[in-house]
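Trainee: Return a 3D structure for these sequence lines:
(3 chains)
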Amino acid sequence: MPELPEVETIRAALDPLLRGRLVTAARAHPSAKFSAAPGAIGHRVEGVRRRGKYLLVDLEPAAGTDAGAGRRELVVHLGMTGQLGPDLARDDPHTRAWWELDDGGHLTYRDVRRFGRIAVVPHGDHRSLPTLAALGPEPFGPDFTPEGLWRALARSRARVKTQLLGQRVVAGVGNIYADEALWRAGIHPGARRVGPSRAERLHAAVRHVLAAGLANGGTTLRDYRTVTGEPGRHQDALACYGRAGRPCPRCGALLRRAVVDGRGTTWCPTCQRT
DNA sequence: GGCTGGCCCTGTACGC
DNA sequence: TGCGTACAGGGCCAGC
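Mentor: Below is the predicted model of the structure:
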């Protein structure tokens, strides 16, 4: 399940491959989730950015083409099982879209469970993507501060894990890194009140676990692969997620698992407090 | 307007 | 061996 470290790893690899390339052709699965992909035809790639878990490919109309006026953005969300790469087979039954490039290469989007999404929008216009439009601060940016996190969490009585997954208090955290950050901060995922000192610990924990995931090239539990097809390495460094029934690395108590607001959740019953 | 829960989707694991 | 069922979860949306 690609979260910020996985998406950023993909972005960093895609940017040099796509920058400056002209999209000459495209094909997409008829589902409304993917059918917008050909909207990139006739545009040249200015660069590949990331916002939260979204990949944003900046497009400018190429001279001499009949592409619509104005810059566009190709927005790609990988969902649960999305993969992007130059070497994925276009005739794979799970390929949902592909784009042909003017250097003879192509970019293929494969998504087994079809939880991902592709959109082509006027540049900067995210009204059709409400989660992207309302995204909270980037975790490594200056807008993500301990006090800002505390204030954002205090505005809602929803469980702290649910708030982390909602992308509004901070962008890019998914189920794995939410469990890891809450474990590191010593906060129970079901907590509904987080004071300033705990918010400060959570702020540091979010940055720590995302940076560690990024340094390890992401977490591969099943589907995630880098652009070159390699698995990530962070799965071996997880302290909490997916380790229910095994000892807490901090206190030795057995980690527990339950469903919190519909998401599988692992936590330590001893050192994570509500 | 905020919170909660259901739905989408398909491969895998497991029980019978 | 084959079938049925449960499960995984990000984003969206309906209902409360």
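Trainee: Now A:Leu182. Nearest residue, chain neighbours left out?
Mentor: A:Pro189 (5.2 Å; C-beta to C-beta, 6 or more residues apart in numbering). The C-beta positions use only the backbone N, C-alpha and C, and glycine is treated the same way.
Trainee: pretty sure the one you found is in contact with A:Ala158, am I right?
Mentor: No - shown here, A:Pro189 and A:Ala158 do not form a contact pair, counting by C-beta atoms under 8 Å, at 11.5 Å.
Trainee: circling back: list the contacts of the residue nearest to A:Leu182.
Mentor: A:Arg159, A:Val160, A:Lys161, A:Ala178, A:Asp179, A:Leu182, A:Val260, A:Thr265, A:Trp267, A:Gln272 (C-beta atoms under 8 Å, 6 or more residues apart in numbering).
Trainee: and the least confident of these?
Mentor: Scanning the contacts of A:Pro189 for pLDDT, the low point is A:Val260. It has 84.
Trainee: ok, and what's touching stretch A:83-95?
Mentor: For stretch A:83-95, using C-beta under 8 Å, 6+ apart, the contacting residues are A:10, A:14, A:17, A:27, A:29, A:55, A:76, A:78, A:98, A:105-112, A:223-225, A:227-229.
Trainee: State the distance from the residue of the stretch 151-274 of chain A found nearest DNA strand C to A:Gly229.
Mentor: Here the stretch 151-274 of chain A gets closest to DNA strand C at one residue, A:Gly264, 2.7 Å apart by C-beta to the nearest atom of the strand. Here A:Gly264 is placed at a distance of 27 Å from A:Gly229 (C-beta to C-beta, to the nearest Å).
Trainee: More neighbours: the two, which one.
Mentor: A:Gly264 (13 against 10; other C-beta atoms under 10 Å).
Trainee: Show the backbone phi and psi for the more buried one.
Mentor: With angles defined as degrees, to the nearest 10, A:Gly264 sits at phi -60, psi 130.
Trainee: Would you agree it is in contact with A:Arg257?
Mentor: Yes - applying C-beta under 8 Å as the test, A:Gly264 and A:Arg257 come out as touching, 6.6 Å apart.
Trainee: need the contact list for A:Arg44.
Mentor: By C-beta under 8 Å, 6+ apart, the neighbours of A:Arg44 are A:Gly20, A:Arg21, A:Leu22, A:Val23, A:Leu59, A:Glu60, A:Pro61, A:Ala62.
Trainee: Specify the local secondary structure of A:Val121.
Mentor: strand (DSSP: H, G, I helix; E, B strand; the rest coil).
Trainee: could you say which helix or strand contains the nearest residue to it once chain neighbours are set aside?
Mentor: Closest residue to A:Val121 apart from its sequence neighbours, by C-beta to C-beta, 6+ apart: A:Glu73 at 5.4 Å. Using DSSP states H and E, A:Glu73 sits in strand A:72-77.
Trainee: Once you drop chain neighbours, what's closest to the residue nearest to the spatial centre of chain A?
Mentor: Nearest to the geometric centre of chain A sits A:Lys53, at 2.5 Å (C-alpha atoms, centre = their mean). Excluding the flanking residues, the one nearest A:Lys53 by C-beta to C-beta, 6+ apart is A:Val7, at 5.1 Å.
Trainee: Distance from the helix or strand where the one you found lies to the middle of the chain?
Mentor: For A:Val7, the enclosing helix or strand under DSSP H and E is helix A:4-18. Centre-to-centre, helix A:4-18 and its host chain are 11 Å apart (C-alpha atoms, centre = their mean, to the nearest Å).
Trainee: pLDDT on that helix, on average?
Mentor: 91.
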